[in-house]
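Novice: Sequence and predicted structure below; questions after.
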Amino acid sequence: MDQSYLEEVFNNLQRWSQAQDYAGYDPFDGLNSRLFSATRLRHSRTTRLLWTQLIKRSPVNLRPLVRVSPGRNPKGIALFTLAALSRHRQSKTETTEQQCRLLLERLISMKLDGWSGAAWGYNFDWQSRVLFAPRRSPTVVPTAFAAKALLDAGETLGEQRYFDIARNVCDFILQDLRRPVDTENELCFSYSPSSATRVYNASLLAGEVLIRVAAVTNDDYLREAGTRALRYVLGQQRVNGSWTYGADKNQGWVDNFHTAFLLSSLSRIAMTGISLPEIDAALSNGFRYWRSTFFLAEGWPKYYDDALYPADTHCAAAAIATLCDLRPVFPEAISHAQQIAKWTIEHLWDPRGFFYYQRRRYFTVRTPFIRWSEAWMLYALARLLEELNRPHSKPENVQSTPKEQACR
């Protein structure tokens, strides 16, 4: 696909996101419904889960009907920040720097009080199969993405303040998260302070933060804890190169974007120079499994390992960003990232300036989700353009289609 058209899609998506002031709906925000919250059903785990899934899976957007208001999601703001930082590394203008700093201040202002260190949580009550996380309760995933943005900001803008807040995140990880596995060699961090569930990508995100901060501060204690978290996740990789979502019986599925998160964390950890020979084998086996299992020849991103549908913008975006992270190890990754971007723009892009949620077997869910789809895709396209614009980089031979055919 022509690089200029990628730039055009990125710019249109950026303008659309800014016009929304980075606020919108989320696939999992159903429990923000004022209608549901006014009933006794809100006290039942089963009805919370069913309601969340009903709102999430509906082919039409029911949120205005059940009185769910658009909101800003801290992880979404972190992703928008990462996208802005990537663009600033390419252009280095006052405008792009100002955009980075405005988003960073918004992200920092969303930090939660009352914990041992800096932490972030979602802007909605969230009921999953394995845990309930009340709105504004800290969880490791948005916290880790905020830390990623702060670490990138410290490196890109050269400002110690951002490193200092990222270091403070480590206090939350080490002091507030539970440790369902804690041995001399291995460590698993919980998803939240209130749950002991073992989610592999979440625990590795915590380990990645510790190791990356240790690389900046030369703190052996952080490095040791992060390395134990790394060993735990490496030990959970299956023979075929895959990881399930988590350790419990009801966490045994394998999906595209959680696999991508694991590979991205492993590649970023490897870039710190940490000495652990198992990383190379895990990356090689994991990449081979992920690429051969979750993508069709034309770039179609599967959601699960055993099903073609749904084709999901979030899966595509996480894959593109991960492939950019993997490029130092797998040079062919950028060609694959371009292929996925081409397919996603052709099938899930709306010319009004946003991406649809999912393409399902018989219909497409056209609702724009600010964190799940738009923030992730803005970050993914920023990273892809950054890689394509590197001095040593040449656009790969991915055939483009006419722009008028790239609207759906």
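Specialist: Received, thanks.
Novice: Give the buried residues for the helix or strand containing A337.
Specialist: Secondary-structure assignment from DSSP states H and E places A337 in helix 333-348. Of the residues in helix 333-348, those buried under the neighbour-count criterion (16 or more other Cβ atoms under 10 Å) are 333-334, 336-348. C-beta: built from backbone N, CA, C; applies to glycine.
Novice: Equivalent analysis for stretch 105-124, please.
Specialist: Counting neighbours by 16+ other Cβ under 10 Å, one finds that the buried residues in stretch 105-124 are 106-108, 110-112, 115, 117-124.
Novice: and if you look at stretch 167-176?
Specialist: Within stretch 167-176, the residues that count as buried by 16+ other Cβ under 10 Å are 167-170, 172-174, 176.
Novice: picking that back up, tell me which of the buried residues of stretch 105-124 is nearest to L79?
Specialist: Checking the buried residues of stretch 105-124 against L79 with Cβ to Cβ, the nearest one is L107 at 10.1 Å.
Novice: Contacts only, for the closest one.
Specialist: Taking Cβ atoms under 8 Å, 6 or more residues apart in numbering as the definition of contact, the neighbours of L107 are 74, 77-78, 81, 120, 146, 149-150.
Novice: Could you look up the SS state of it?
Specialist: Classification of L107 by DSSP: H, G, I helix; E, B strand; the rest coil places it in helix.
Novice: How about the contacts made by the nearest residue to it once chain neighbours are set aside?
Specialist: Leaving aside its sequence neighbours, L107 sits nearest to I77 (Cβ to Cβ, 6 or more residues apart in numbering; 4.9 Å). By Cβ under 8 Å, 6+ apart, the contact list for I77 reads 22, 103, 106-107, 110, 375.
Novice: rerun that using 10 Å as the cut-off
Specialist: Counting by Cβ atoms under 10 Å, 6 or more residues apart in numbering, I77 makes contact with 22-23, 103-104, 106-110, 120, 123, 142, 145-146, 149, 370-371, 375.
Novice: Could you dump the buried residues of stretch 167-176 into JSON lines with pLDDT and secondary structure added?
Specialist: Putting the buried residues of stretch 167-176 into JSON lines (pLDDT from 0 to 100; DSSP: H, G, I helix; E, B strand; the rest coil) gives the following:
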{"residue": "R167", "pLDDT": "98", "secondary structure": "helix"}
{"residue": "N168", "pLDDT": "98", "secondary structure": "helix"}
{"residue": "V169", "pLDDT": "98", "secondary structure": "helix"}
{"residue": "C170", "pLDDT": "98", "secondary structure": "helix"}
{"residue": "F172", "pLDDT": "98", "secondary structure": "helix"}
{"residue": "I173", "pLDDT": "98", "secondary structure": "helix"}
{"residue": "L174", "pLDDT": "98", "secondary structure": "helix"}
{"residue": "D176", "pLDDT": "98", "secondary structure": "helix"}
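Novice: Which single one of those residues is nearest to K302?
Specialist: Distances from K302 to the buried residues of stretch 167-176, taken as Cβ to Cβ, are shortest for I173 (32.0 Å).
Novice: what's that closest one in contact with, if anything?
Specialist: If you count contacts by Cβ under 10 Å, 6+ apart, then I173 has 116-119, 140, 143-144, 147, 189, 203, 205-207, 209-210, 213, 222, 225-226, 229 around it.
Novice: G235 now?
Specialist: Counting by Cβ under 10 Å, 6+ apart, G235 makes contact with 181, 185-186, 188, 278, 282.
Novice: S192 now?
Specialist: S192 sits next to 119, 121, 126, 131-134, 137-141, 143, 176-178, 199, 202 when contact means Cβ under 10 Å, 6+ apart.
Novice: which ones among those residues are found in helices?
Specialist: Those of the contacts of S192 mapping onto helices are 140-141, 143, 176, 202, per DSSP state H.
Novice: low-scoring stretches of the chain, by residue?
Specialist: 391-408 (pLDDT under 70).
Novice: and the helix holding A337, C-alpha only, in CSV?
Specialist: Coordinates of the C-alpha atoms in helix 333-348 are reproduced here as CSV (Å, rounded to 0.1, in the frame of the first residue of the first chain):
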residue,chain,number,x,y,z
ALA,A,333,8.0,-8.3,10.0
ILE,A,334,7.4,-4.9,8.3
SER,A,335,6.2,-6.4,5.1
HIS,A,336,3.7,-8.4,7.1
ALA,A,337,2.7,-5.3,9.0
GLN,A,338,2.0,-3.4,5.8
GLN,A,339,-0.1,-6.3,4.5
ILE,A,340,-2.3,-6.3,7.7
ALA,A,341,-2.6,-2.5,7.5
LYS,A,342,-3.7,-2.8,3.8
TRP,A,343,-6.3,-5.4,4.6
THR,A,344,-7.7,-3.5,7.6
ILE,A,345,-8.0,-0.2,5.7
GLU,A,346,-9.8,-1.9,2.9
HIS,A,347,-12.3,-3.7,5.1
LEU,A,348,-12.7,-1.8,8.4
